[in-house]
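Visitor: Just the structure for this:
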Amino acid sequence: MVVKKIKEGFAKVFSRVKEPVEDYIEIDLGAATQRKAKILIRPFILKVFEDINPILNAIREGYTIAVIDVKYLKSKDIVELKRAIAKLKKTCDALEGGIAGFGENIIIAAPSFAEIYRGEKIEKIKDVKQY
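Guide: Reported below is the predicted structural model:
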């Protein structure tokens, strides 16, 4: 609808037939503001393997950084935890995102717009001489 109004406005300005041209064109900004533009950092608790599906769906949307607590599943079934992490890693790799562990019980999964700090850059900073 907005594009149609803009086309009509330009058609009136650039047409060979001289028609009265309106001084302005109304643009509906309501449609443009409906887009989801904020980043959501969302906590999850992984109690069973099936709990991985809502996490994967949130990451696939592209606006969610998932903070996942795996303490319960880790104490219950380590094989299921490894399956869940492998599935999470495959999804993050497919979306060109990242996954990293923080401590023993927390995993961060992020889409491609976010980079997870892994501590590698600290060594480079230490090598710089201070003046």
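
Visitor: and the longest helix along the chain, what does it pack onto?
Guide: Counting by DSSP state H, the longest helix found in the chain is helix 78-94. Under the contact definition 3 or more Cβ pairs under 8 Å, 6 or more residues apart in numbering; DSSP states H and E, helix 78-94 sits against helix 52-61, helix 71-76, strand 98-102, strand 106-110. (Glycine included, C-beta is placed from N, CA and C.)

Visitor: for the ones you listed, which one ends up most surrounded?
Guide: Stretch with highest mean neighbour count among the helices and strands packed on helix 78-94: strand 106-110 (a mean of 20; mean count of other Cβ atoms under 10 Å).

Visitor: residues in contact with that one?
Guide: 55, 59, 65-70, 85, 88, 92, 97-102, 116 (Cβ atoms under 8 Å, 6 or more residues apart in numbering).

Visitor: orientation of it relative to strand 98-102 in degrees?
Guide: Counting by axes from the mean of the first three to the mean of the last three Cα atoms, to 10 degrees, strand 106-110 lies at 160 degrees to strand 98-102.

Visitor: Strand 106-110 pairs with which strands, and in what direction?
Guide: strand 64-69 (antiparallel), strand 98-102 (antiparallel) (DSSP bridges).

Visitor: which of those has the lowest average pLDDT?
Guide: When the strands paired with strand 106-110 are compared by mean pLDDT, strand 98-102 comes last with a mean of 90.

Visitor: Name the residues that touch that strand?
Guide: With Cβ under 8 Å, 6+ apart as the criterion, strand 98-102 contacts 85, 88-89, 92, 107-110, 114-116, 118.
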